[in-house]
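**Q** Sequence and predicted structure below; questions after.
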Amino acid sequence: MKKGKDNIPPAMRAQYKKQKEMRQMAGQMSEAQKPGEDGLPVFNLYVRTKKANLWYPCGSFKGDDRSAGLCSNYRDDGLLSGISKKQIDAGVAGSLFRDQNRLTETICRTYPQLRKSKDGFEFGFKLAYDGLTEEQKKVNVVVPTEQKGVIDGIKTMFS
């Protein structure tokens, strides 16, 4: 055995390397699903079919300062927490809408058993933010919709 090498038989070294890489990736993925030291929220995405009631993890993304403010208001259960919750849901729905085709392809590659029902996916997210109650940490179902601003609303009024 050489210095710095693992004590693994030569026939099993390739498999051992793959397992080691998988453990590293799993550790990185679990770290990415938790809120970081910067205090920004993390939105963990899930998908399920309309038939099954099993949520499959399909990614996560980190919020910005605006979403941190909304999450803080939602967490504190203040006067406008309902509005903050609706804005959080709308933001996640808009982000999903922009990348829905690419995300659906990735989900079908990751979970081949979902390929048959790819047109009927139901998306949800769990909010990872410090201080949330158990009720607030549950999966929230969201429908991917296009976000429209004030100018888009005016354009559709006159067209």
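**A** It's in.
**Q** hey, let's count contacts and neighbours off CA atoms from now on
**A** Will do.
**Q** Give me the buried positions along stretch 109-121.
**A** The neighbour-count check on stretch 109-121 (16 or more other C-alpha atoms under 10 Å) flags Leu114, Lys118, Phe121 as buried.
**Q** distance of the closest residue to the first one other than its chain neighbours from Val47?
**A** Of all residues not flanking Leu114 in the chain, Cys108 sits nearest, at 6.0 Å (C-alpha to C-alpha, 6 or more residues apart in numbering). Relative to Val47, Cys108 is positioned 11 Å away (criterion: C-alpha to C-alpha, to the nearest Å).
**Q** who has more neighbours, those two?
**A** Val47 (21 against 15; other C-alpha atoms under 10 Å).
**Q** what about that one, which SS state?
**A** Following DSSP: H, G, I helix; E, B strand; the rest coil, Val47 is assigned to strand.
**Q** excluding its backbone neighbours, what's nearest it?
**A** With C-alpha to C-alpha, 6+ apart, the residue lying closest to Val47 is Phe123, at 4.6 Å.
**Q** List the contacts of that neighbour.
**A** Leu45, Tyr46, Val47, Arg48, Val141, Val142, Val143, Pro144 (C-alpha atoms under 8 Å, 6 or more residues apart in numbering).
**Q** Between all of the residues you listed, which two are separated the most?
**A** Greatest spacing in the contacts of Phe123, by C-alpha to C-alpha: Arg48 and Pro144 (13.7 Å).
**Q** ok so, going back, buried residues in whatever helix or strand the residue nearest to Leu114 lives in?
**A** Assigned by DSSP states H and E, Cys108 belongs to helix 100-110. Burial within helix 100-110, assessed by neighbour count using 16+ other C-alpha under 10 Å, is assigned to Thr104, Ile107.
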